[in-house]
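1. Next come a sequence and a model predicted from it.
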Amino acid sequence: MSESILNHILEIFYILIGLQLLYTAFRILKSSKHHKKYGTALFWILLAIIFIAGPYIPNVFNGIFILMMGALTLFKHVTIKNIGDVAEKEGDMGAQKYGNKLFIPALILAIAAIAVSNWTPLGGAIGLGISSILGLIAAYMVIKPKVKYIFYDSDRLTQQIGTVGILPQFLAALGALFTVSGVGDVISKGISTILPEGNHLIGATAYVLGMVLFTMLMGNAFAAFTVITASIGIPFVITQGGDPVIAGALAMTGGFCGTLLTPMAANFNTLPVALLEMKEEFGVIKAQGPIAIIMIMVHIALMYVWAF
């Protein structure tokens, strides 16, 4: 299957996401109790335009829209209100009525995503889109709710996730931007003036800690890997005799330790707080912190012993 066809299929899912975001904006504008409804609705409208029409409008406009979204968030004009949540009593009744059948949509979603991603030429992104639609159809067949509740619940989830839901896309773009702009070279020159070459322990420590800190900054170990490997891993570990396979693997998993310590890793540390309505904003990070610190030290020791 050609790349052009795959891109067109993927574009359909982006448009569906954009339409859902427009519905969220519509619901917010209709609300009479939302005291910052215009700023919040504008945020979702701008994001919807990027999803629906992003490839077809000049990139400068996409950039302006993103800056506007950032400004709306920075000045606290995006708030969560008017969420039609399920009452606790109603939720308990539904759980008793449907029991383990409630797991069927989730299982179908997961199995379909794995099957499409691994055993078809469609790829992971399209696999997620197809599996989401199949999961939605399965949920409708199991629960048989009124159609309007499907839209209400999609709006509720969109608003609960809020602005942090777009953080992974921004961070991925930031990683590509850092690589193209030569941030790795700048870091390498700065590090070379501080660290002595030839010391394997210092090299391993710098590589792992560099991955941890840059992952904490960017929220994404994959984005950090290219920059830190080029700036620290190659000159201070690999060219000093370190095994590139072992060092690279340990650097990547060391970066994941940084994921446990930062709110920038929105999928893992911020979304659970929003979805579970936790009172402590950094509760997830505080619970993971001690384990992450231990694992960082273990990674440094393993790289020093195994890579050299």
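-> Yes, it's here.
2. Next one: residue 225 from residue 234, what distance?
-> Summarising the geometry, the distance separating residue 225 from residue 234, computed by CB to CB, to the nearest Å, is 12 Å. Every C-beta, even on glycine, is put in place using the N, C-alpha and C of the backbone.
3. what sits in contact with each of the two?
-> Common neighbours of residue 225 and residue 234 (criterion: CB atoms under 8 Å, 6 or more residues apart in numbering): none identified.
4. Could you find the closest non-adjacent residue to residue 285?
-> Counting by CB to CB, 6 or more residues apart in numbering, the nearest residue to residue 285 once its immediate chain neighbours are dropped is residue 269, at 5.4 Å.
5. What backbone torsions are found at the one you found?
-> Listed backbone geometry of residue 269 is phi -110, psi -20, with angles given as degrees, to the nearest 10.
6. Tally up the residues packed near it, please.
-> Counted with other CB atoms under 10 Å, residues neighbouring residue 269 total 23.
7. Give me the distance from whatever helix or strand residue 291 lives in to the chain's centre.
-> Residue 291 is located in helix 283-306, with elements delineated by DSSP states H and E. In this view, helix 283-306 has its centroid 22 Å away from the chain centroid, taken as CA atoms, centre = their mean, to the nearest Å.
8. ditto for stretch 64-75
-> The gap between where stretch 64-75 is centred and where its chain is centred comes out at 19 Å by CA atoms, centre = their mean.
9. Next: stretch 101-120.
-> Here the centre of stretch 101-120 is set off from its chain's centre by 20 Å, with CA atoms, centre = their mean.
10. And the contacts of it?
-> Contacts made with stretch 101-120 from outside it, assessed by CB under 8 Å, 6+ apart, are listed as 94-95, 122-124, 126-128, 130-132, 134-136, 138-139, 142-143.
11. how near is residue 218 to residue 280?
-> When CB to CB is applied, the distance between residue 218 and residue 280 equals 24 Å.
12. Which element, helix or strand, includes residue 34?
-> Element membership for residue 34 (DSSP H and E) is empty, with no helix or strand holding it.
13. before we move on, the earlier item: more crowded one of residue 218 and residue 280?
-> residue 218 (24 against 10).
14. pretty sure that one contacts residue 174?
-> Yes - Residue 218 sits in contact with residue 174 when judged by CB atoms under 8 Å, with a separation of 6.0 Å.
15. Would you mark the buried spots in stretch 234-243?
-> Buried positions in stretch 234-243, judged by neighbour count with 16 or more other CB atoms under 10 Å: 234-238, 240, 242.
16. Would you point out the most distant pair within the residues you listed?
-> Greatest spatial distance in those: 235 and 242, 10.7 Å, computed using CB to CB.
17. Please, where are all the helices along the stretch 51-200 of the chain?
-> When assigned using DSSP state H, counting those that start in this stretch, the helices of the stretch 51-200 of the chain occupy the ranges 59-74, 88-98, 103-119, 124-143, 147-161, 167-181, 183-192, 200-218.
18. Turn those helices into a markdown table, including mean pLDDT.
-> Written out in a markdown table, the entries for these read as follows (pLDDT from 0 to 100):
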| stretch | mean pLDDT |
| --- | --- |
| helix 59-74 | 90 |
| helix 88-98 | 73 |
| helix 103-119 | 91 |
| helix 124-143 | 90 |
| helix 147-161 | 84 |
| helix 167-181 | 71 |
| helix 183-192 | 73 |
| helix 200-218 | 91 |
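19. Figure out which of those is closest to residue 274.
-> Proximity to residue 274, assessed across the helices of the stretch 51-200 of the chain by CB to CB, is greatest for helix 147-161 (5.3 Å).
20. Mind listing what's buried along that closest one?
-> Judged by neighbour count (16+ other CB under 10 Å), helix 147-161 contains these buried residues: 151-153, 155-156, 158-161.
21. Stretch 18-33 too?
-> 18, 20-25, 27-28.
22. From those, which land in helices?
-> Counted as lying in helices by DSSP state H, out of the buried residues of stretch 18-33, are 18, 20-25, 27-28.
23. Can I get those residues in a markdown table including distance to residue 255 and pLDDT?
-> Supplementary listing: those in a markdown table, determined by distance: CB to CB, whole Å; pLDDT from 0 to 100:
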| residue | distance to residue 255 | pLDDT |
| --- | --- | --- |
| 18 | 32 | 94 |
| 20 | 32 | 93 |
| 21 | 31 | 94 |
| 22 | 36 | 95 |
| 23 | 37 | 94 |
| 24 | 33 | 92 |
| 25 | 36 | 93 |
| 27 | 39 | 89 |
| 28 | 37 | 89 |
